[in-house]
Structures are given as C-alpha cells and as structure tokens.
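Trainee: What follows is a predicted protein model with its sequence.
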Amino acid sequence: MKLFRPSSRGTWIAAVSALLFLPFVFPVLSHAPAPVEVQSDDRRLIKATWLWDVRRIATEPDEILSFLQKNGVTLLYLQVKPSDVSVDHYRHFIRKARSLGIDVHALNGQPEWALRKRYDDLQAFVDWVRRYNDAVLRSESFTGIHLDIEPYLLPQWKTDRDRVIREWKENTERIVAQIKEHSDLVAGADLPFWLDEVPSVPGETPSGQLSSWMIRQFDHVTLMAYRNQAVEDDGIIAHVRSELNTAAAWNKTVLVGVSINATNEGDKVSFSEKGKAEMLRQLSITDAHLRPFASYGGHAIHDYASWKAAKD
C-alpha cells in the first residue's frame, strides 16, 4: 500500500517532506471536534493486519496463526489469488483462523479497478469470493471483502482527477451493492487519511469531502494513518478525528491503520526503525484517545510480514 500523496494540482509528491509541509493546518487535539461518544465502554476493539503473500497459508499456516493469536489479532485481510494457492488451502486456513476467533476478509485491489473500463476485474474478484463462500462450510467462509484500490497512484490522477474520482465512485457504488446482495459479507476498504482534503467531484450530489462519501458506502474503512506518533499535530490521532465523526453520523466503523514496513518516505511514516514495542505503545495511546468515538473500531498493522520480521 503506497503512501505517496498526489496534490490537487496534479503533481506527484515525490518525497514525504512535501507531504509534511503542505499548506494544511492540522488541528491540535484540544481544538478538535468533540467525539460522538459511546454509551458504554465494553466494546472489544478489533486488531487487524494484512497478509499479501497468500502462498504463506500453504507453507506456514500454523506459524501465521500462532503469531496472530499471540498478538491478539482478531481480523485478517487475506489476499485472494487463486493462481497461487488452492481452494483447499483457503478452506483449511480460514477454518483454523475462525476457530481461534480470527475473522478473515478477502483482500484485493489495484489502482486501475477504480476505472470504469476495469470494473469487470473488480466484479470478477467479488464473484470469486461469493462462489467460494457458496461452495464451502460456513466455518470456512470469508466474513467480508476488503478493497485496496488506491487510484491516486494512477497517472490519470494528475491529468484528469475529476474523471477518475467520478468513475471510482461509480464503481464503488456498484460493487458494494453486489457485495451486499443476498449476502451478509462485510464491505470494507482502505483509504488514505488525507482523502478528507479531496472534494467529491464538483457538481455531483452528494458533494463534500471524498472521504465522507466513501465512508458512507462501506460498512467499515481502514484509514491508512501512517504516522509513528499518536498525539503530535501531525500524528495518528489528529489525522483521523474528522473521519471518525463522519463515520459515527452514519453508523459506520473506522479502523486506524499504521505501518511497520521499511520505507524511504521519511522518519514519521513507519515504525520500522522504532520497533514493535514502541508501535504497540503508540497504538495503546491511540486506542485510549479514540475509544470515546462511537465509530472507532480498533487498529490495523500493515502488514503481517513486516510486523513479524520487525525488531522488538
């Protein structure tokens, strides 16, 4: 999952320093909007991670599940790539995961899937998941579909952004309707934290922030709030508060994502150099600050392979 942020003027941001000095003022926590508060504090927060190399479920399923269980993971975004592993590998792995209290959502996506001409590829992914679920036991089924599309990585984002956004919205509406038709699958997606600075295409209804529009479509979203400090002005919490309020208004759920991948995008982005212990400390702070939001569902760590390999 890329962290580059294209600007509204159509130029790529080539380094994280440009991202950090964009002319936006991020609110300090004391002046942020008041959360839509929960009535009780007995919710069990979700802890999620992404597994992209699906071949691992064939070669090291027990090792994966042991790590997830040891670290309290309750939701796994597992890439669907039928050419790499058999249906039986999915069946056996998901059955074991769910027996341990770990839900598994089918993960896939490409930037091009936002375009109208590539909708058939998006549809084919969802159709495969639904056929798979229909063919296996309920205990072996995916409980959700998780999209990681990221069309801002396309060259068209800088040359014809309004058209890309319009087609992304159109594809999103269509595919969420397909996911929800005759199924109880959870519809989810990854979104960058800065999408609240991108307008939903002018002249369309509903108007407003693109992040707000996207949040309304899905059951839950995972905000890629890739920072390694919780409470700084440019930290995790500051970048997700407005989306949490939007999600609460529509009875949606937001997970807050952090990264422990090695990166050359600056020293604020990832926990790869700070290590697992500091990441967990900052996530504990994040949970404490965000739990009062009714829409806060927990956090997600990108990704399994990097997390497992990271220094303590």
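Mentor: Great, that's in hand. Numbers count the residues shown, from 1 in each chain.
Trainee: Now Met214. Its backbone dihedrals?
Mentor: phi -70, psi -40 (degrees, to the nearest 10).
Trainee: In contact with it, which residues?
Mentor: 172, 189, 191, 195, 221 (Cβ atoms under 8 Å, 6 or more residues apart in numbering). Quick note: C-beta positions are derived from backbone N, CA and C, even for glycine.
Trainee: now, which of those lie within helices?
Mentor: Of the contacts of Met214, the ones assigned to helices by DSSP state H are Thr172.
Trainee: Nearest to His239 among the contacts of Met214?
Mentor: Distances from His239 to the contacts of Met214, taken as Cβ to Cβ, are shortest for Leu195 (10.6 Å).
Trainee: and Met224, how many neighbours?
Mentor: 23 (other Cβ atoms under 10 Å).
Trainee: Show me the beta-bridge partners of it.
Mentor: Taking DSSP bridges, one obtains Pro192, Gly257 as the residues bridged to Met224.
Trainee: Grab the nearest non-local neighbour of Glu167.
Mentor: Arg116 (4.6 Å; Cβ to Cβ, 6 or more residues apart in numbering).
Trainee: Run through the residues that contact that neighbour.
Mentor: Neighbours of Arg116 in contact, by Cβ under 8 Å, 6+ apart: 167, 170-171.
Trainee: filter those residues to the buried ones?
Mentor: Neighbour counting with 16 or more other Cβ atoms under 10 Å marks 167, 171 as buried within these.
Trainee: coming back round to it: name the member of the contacts of Met214 that has the highest neighbour count.
Mentor: Val221 (28 neighbours).
Trainee: Pretty sure it sits against Ala187.
Mentor: No. Contact criterion Cβ atoms under 8 Å: Val221 and Ala187 do not qualify, at 9.7 Å.
Trainee: one step back: adding pLDDT, write the contacts of Met214 out as CSV.
Mentor: Formatted as CSV, those follow (pLDDT from 0 to 100):
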residue, pLDDT
Thr172, 98
Ala189, 98
Leu191, 98
Leu195, 95
Val221, 98
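Trainee: So which of the contacts of Met214 is the closest to Val87?
Mentor: Among these, and counting by Cβ to Cβ, the member closest to Val87 is Ala189, at 24.8 Å.
Trainee: And the residue nearest to Glu167, its phi and psi?
Mentor: phi -60, psi -40.
Trainee: Next up, the contacts around Ile145.
Mentor: Ile145 neighbours (Cβ under 8 Å, 6+ apart): 105-106, 125-126, 129, 179, 185-188.
Trainee: how about the residues you listed, which pair is most distant?
Mentor: Once Cβ to Cβ is applied, the contacts of Ile145 give Phe125 and Val186 as the farthest pair, at 15.3 Å.
Trainee: All the strands of this structure, residue numbers only.
Mentor: According to DSSP state E, the chain carries its strands in the segments 46-51, 75-79, 103-108, 144-147, 186-192, 220-224, 253-259, 296-302.
Trainee: Now do the fifth one: distance to the chain's middle.
Mentor: Same thing as strand 186-192. 5 Å (Cα atoms, centre = their mean, to the nearest Å).
Trainee: Next one: Leu210 from Thr49, what distance?
Mentor: 26 Å (Cβ to Cβ, to the nearest Å).
Trainee: The two - which one has more neighbours?
Mentor: Neighbour totals were compared for Leu210 and Thr49, and Thr49 leads with 26 against 18 (other Cβ under 10 Å).
Trainee: what's the pLDDT at that one?
Mentor: Thr49 is assigned a pLDDT of 98 by the prediction.
Trainee: residues touching it, list them.
Mentor: Residues near Thr49 by Cβ under 8 Å, 6+ apart: 68, 73, 75-77, 300-304, 307.
Trainee: same check, this time on Val256
Mentor: So Val256 contacts 222-223, 225, 236, 240, 286, 290, 296, 298-300 (Cβ under 8 Å, 6+ apart).
Trainee: Could you single out the nearest of those residues to Phe271?
Mentor: Nearest to Phe271 out of the contacts of Val256 is Ile236 (Cβ to Cβ; 10.8 Å).
Trainee: I figured the closest one was touching Met224, is that so?
Mentor: No. Using Cβ under 8 Å, Ile236 makes no contact with Met224, being 10.6 Å away.
Trainee: returning to that earlier point: any chance of the contacts of Met214 in a markdown table, with distance to Thr263 too?
Mentor: A markdown table is the format used below for the contacts of Met214 (distance: Cβ to Cβ, whole Å):
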| residue | distance to Thr263 |
| --- | --- |
| Thr172 | 28 |
| Ala189 | 22 |
| Leu191 | 19 |
| Leu195 | 20 |
| Val221 | 22 |
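Trainee: Nearest to Thr263 among the contacts of Thr49?
Mentor: Scanning the contacts of Thr49 for proximity to Thr263, where the rule is Cβ to Cβ, the winner is His302, at 10.6 Å.
Trainee: nearest spatial neighbour of that closest one, skipping sequence neighbours?
Mentor: Ser259 (4.6 Å).
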